[in-house]
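Participant: Whatever this is, show me its structure:
(2 chains)
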Number of protein chains: 2
Amino acid sequence: MTVDEFLRGVTARDWERLESGTLRLAMVGLGWWTREQAIPAVADSKFCETTVLVSSSHEKGDEVAEDVPHVEATLTYEEFQAGEATDAYDAVYICTPNALHLPHAEAAADHGKAILCEKPVEATRERAEELVAAAEDVPLMVAYRMQTDPGVRRMRELVADGAIGAPVAVHGHMGQQMLDVVSGDPDQWRLDPELAGYGATVMDLGIYPLNTARFVLDADPVSVTAQMHSENEAFRKVPDQHATFTIRFDDDTYAACTASQHAHQSGHLRVVGTEGELILEPTFLGESPQTLTLRTDGKEMVVDDGRRDVFGDEMTEEFDYFADRVIRGEPLSPDGEHALVDMRTLAAIYEAAETGEEASVE
Amino acid sequence: MTVDEFLRGVTARDWERLESGTLRLAMVGLGWWTREQAIPAVADSKFCETTVLVSSSHEKGDEVAEDVPHVEATLTYEEFQAGEATDAYDAVYICTPNALHLPHAEAAADHGKAILCEKPVEATRERAEELVAAAEDVPLMVAYRMQTDPGVRRMRELVADGAIGAPVAVHGHMGQQMLDVVSGDPDQWRLDPELAGYGATVMDLGIYPLNTARFVLDADPVSVTAQMHSENEAFRKVPDQHATFTIRFDDDTYAACTASQHAHQSGHLRVVGTEGELILEPTFLGESPQTLTLRTDGKEMVVDDGRRDVFGDEMTEEFDYFADRVIRGEPLSPDGEHALVDMRTLAAIYEAAETGEEASVE
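Facilitator: Numbers count the residues shown, from 1 in each chain, chains lettered A, B, ... in the order given. From the prediction side, this is the model:
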């Protein structure tokens, strides 16, 4: 392969098989992520269209609909659950507080619709298992956007090709000033265990290095250790304003991770192997240029893939991949079983922090 | 301060007070580090001179002496212990297997000589305590060369000045192919718990991110978690061919660290704060250029301090700092009490890995 071919291939859709088609989406939950990232990404996509908006009120849906060209219906959650306007959409994108994923996924499955559900798939391991069971007869994908990020996919290929020898250690971090970024509202749902689940930070941010490490290594967690604490009053109901955790994977690689909802906005992922290392940075938070660095044998290659709207591009890739697989009736990943491994790992991380004991992922 | 002043100050000796003088050193232990790094660094230094060589035999000492201009005596360990040639040196540099530091330090203290002792200060916490007690009447410094590395000192100043807000998370890694780097001899002492102490990797490599994080944060460890394992036959007697550990510091910062004696040679140290982050990379292993990166408020500054012999320069700085303090009769650091905190932390890390329980550093 020439260098020019490599560079042209960096952002290629290695997964794309569909030639044409449109998947009509009901967007369930109209918070800032859906409005500012998901809906624009669908508008930019090749195979998806937003046709239904589901939220707490018609007013909210109608307001959002003003900027979305092909909306056929705005529904309340109750109307969605009751099965209204099911002819107007083929699949749902669920982006609500974690503990509301289950009822929406159950409704979508009842209506026979494919489901793209935001991460973490639910608030607890048990609820996640219920969700996956409820969706067994429809396509279910969990929205780990890093798995369709071209930089992450190239990193995974390079690891699989042995570019850094055998993986030894992973470092991953994701941090942001949550109260600034998300809404400025300290009563937001991520701080409420009833809605968020085990906590505010590892559930929301730590899951990025965890899941991306799994994908890049093609390995699953075996056991974990963790330390976490909250200091600000706004975080008093959750254990993890700041957190660190280690993971032993089934290929014997270790990951050392940190996550914080009260830190400078930054993220990085690094894999050190026996013969080199790979670094993706900045990552997880949509900042550009996201560069992929390969160091091996005294040489260094740094690739800037040219993307400047990384969040948007990641979400567009994710929606189009989902449509590609759903329309062709082919299996997709990350699926529900994949997401359950994360939920078991998250439960183990919170357990390890609470008990002070290394926890098995089982 | 102008940018030009800042750049000129990057490698300035902020610690230097001595105007002239020479500290005559007995080099105790003539392994590869002493021969290839320490003796050349002393030759390059302003205030030190190698005047005595101590090893297992006169033959070995005489062979090394051929390339060292001012050697007045070569001694066996027994002769050194017995007090021969004490007029020929003012201080000792101890660079032997960990578990041999104690008898040499006891002898040096008996002879009234200042001691610069390699890290870790001894093989176990108890032996380290004995060593520090034995040296209470002479100056004792532990050879954490990162503490006189200008990049690390600038990083510490920037953290203290609030350049990244309050520290939140540290990432540190150090890895090498030990069997290649050190000697190629699988029977080497680092693999023998009798000589190395708790293990081969966290004792030898993990101590770098641990101690450098302490210095940069100006904080001490409170509790730790750890996972480690050995896979290669050569590492069968030690628990940690590969390791990961987390540290909670007394300022509530977390460190997530990895270390490996069977990995691509690389090291990095990163501190993420509430308002920015600092990255020193590559570091710990003498590779150049070692760059210091400061990211804050959307801006990035990368400083290459111009050094191309980082190991050599670090060791020269360390020896001259030691001489500066010893000749002037002033307190020095890192001293024995400082090193004991590392030994307590190392003991806790190995205990945490063995028991699977978070361990307090006490």
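
Participant: what bits of chain A have low per-residue confidence?
Facilitator: Low-confidence segments of chain A (pLDDT under 70): A:1, A:181-187.

Participant: what domains does the record give for it?
Facilitator: A:3-145, A:149-307+A:334-360 (automatic domain parsing).

Participant: Pick the most buried one from the ones you listed.
Facilitator: Most buried of the domains of chain A, by mean neighbour count (mean count of other Cβ atoms under 10 Å in any protein chain shown): domain A:149-307+A:334-360, with a mean of 21. Using the backbone N, CA and C atoms, a C-beta is placed for each residue, glycine as well.

Participant: need the helices for the stretch 151-300 of chain A, in chain order.
Facilitator: A:178, A:193-196, A:207-217 (DSSP state H, counting those that start in this stretch).

Participant: which stretch among those helices comes nearest chain B?
Facilitator: helix A:207-217 (9.9 Å; Cβ to the nearest Cβ).

Participant: which outside residues touch that closest one?
Facilitator: A:119-120, A:144, A:146-147, A:152, A:155-156, A:159, A:167, A:170, A:172-174, A:202, A:220-221, A:247, A:249, A:251, A:253, A:255, A:257, A:259, A:267, A:269, A:271, A:278, A:283-284, A:334, A:341-342, A:345-346 (Cβ atoms under 8 Å, 6 or more residues apart in numbering or on different chains).

Participant: So which of the residues you listed reach chain B?
Facilitator: A:173, A:255, A:257 (Cβ under 8 Å from any Cβ of the partner chain).

Participant: if I pick the last one, what's in contact with it?
Facilitator: Going by Cβ under 8 Å, 6+ apart, A:Cys257 touches A:170-173, A:206, A:209-210, A:213, A:244-247, B:256.

Participant: Would you mind naming what in the stretch 51-200 of chain A lies close to chain B?
Facilitator: Checking the stretch 51-200 of chain A against chain B by Cβ under 8 Å from any Cβ, the hits are A:164-165, A:168-169, A:171, A:173, A:175, A:177.

Participant: can you rerun that using 10 Å?
Facilitator: Within the stretch 51-200 of chain A, the residues that sit near chain B (Cβ under 10 Å from any Cβ of the partner chain) are A:164-173, A:175, A:177.

Participant: so the residue of the stretch 51-200 of chain A found nearest chain B bridges to which residues?
Facilitator: Going by Cβ to the nearest Cβ, chain B is nearest to A:Ala169 of the stretch 51-200 of chain A, at 3.8 Å. Beta-bridge partners for A:Ala169, by DSSP bridges, are A:Tyr254, A:Val272.

Participant: isn't it right up against A:Asp251?
Facilitator: No: A:Ala169 lies out of contact with A:Asp251 (Cβ atoms under 10 Å); the separation is 11.8 Å.

Participant: Please name the bridge partners of A:Val142.
Facilitator: Going by DSSP bridges, A:Val142 forms beta bridges with A:Cys117.

Participant: From what I see, it and A:Asp342 are in contact.
Facilitator: Yes: assessed by Cβ under 10 Å, A:Val142 is found in contact with A:Asp342 at 8.2 Å.

Participant: Tell me the one of the ones next to chain B among the contacts of helix A:207-217 nearest B:Ala234?
Facilitator: A:Ala255 (24.9 Å; Cβ to Cβ).

Participant: Isn't the closest one up against B:Ala256?
Facilitator: Yes: taking Cβ under 10 Å as the definition, A:Ala255 is a contact partner of B:Ala256 at 8.8 Å.
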